[in-house]
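Here is a sequence together with a model predicted from it:
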Amino acid sequence: MVPPLQAFAQRAARYSTNLDGQVHLTKQQRLLLGSTAIVYQGSLAQGGKDIVVAINTPRCAPPNDEEVLKSILREVHLWSKLRHVNIVRMRGISTEFGTTISIISDWMAMGDVHAYVQNNENDPRPLVSS
């Protein structure tokens, strides 16, 4: 019998790439703490290059909690369909960080949207006119 985490990871792989073995933490401390996830910085080895990525790991999730895994699966499915210049690209998933499915996305060097618009050097108007 396949453990719940692996079963959900196999289902999520229908919508995204399983990046197990290709993503590594570059900073052990959490960089961002959101209401539902902890974000770490990592690197993704792809095409002979290391790409800086965000590792979004759900927080407070009991190991193999099916409801949490279903919620992550829904998020992976939705995010896999989104394509827009103002939406961060999801690169795939990994089961190597904690006891749940982590979502791997591009790293945004200027931070999240709140930090971006609070920076006086940035003009947020192009974000709403696209």
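All right, it came through fine.

For this protein, name the helix or strand with the lowest mean pLDDT.
Sorting the helices and strands of the chain by mean pLDDT, DSSP states H and E puts helix 125-129 at the bottom, at a mean of 67.

What's the local residue count around Ile101?
28 (other Cβ atoms under 10 Å). C-beta here means a position set from N, CA and C on the backbone, and glycine is covered the same way.

Just to check, it is in contact with Val76?
Yes. At 7.4 Å, Ile101 counts as touching Val76 under the criterion of Cβ atoms under 8 Å.

Give me the common contacts of those two.
Common contacts of Ile101 and Val76 (Cβ atoms under 8 Å, 6 or more residues apart in numbering): 12, 93.

My reading is that Ile72 lies in a helix. Confirm?
Yes. Assigned with DSSP: H, G, I helix; E, B strand; the rest coil, Ile72 falls within a helix.

Would you map the helices across this protein?
4-12, 66-81, 113-118, 125-129 (DSSP state H).

Need the winner for burial among the ones you listed.
helix 4-12 (a mean of 17; mean count of other Cβ atoms under 10 Å).
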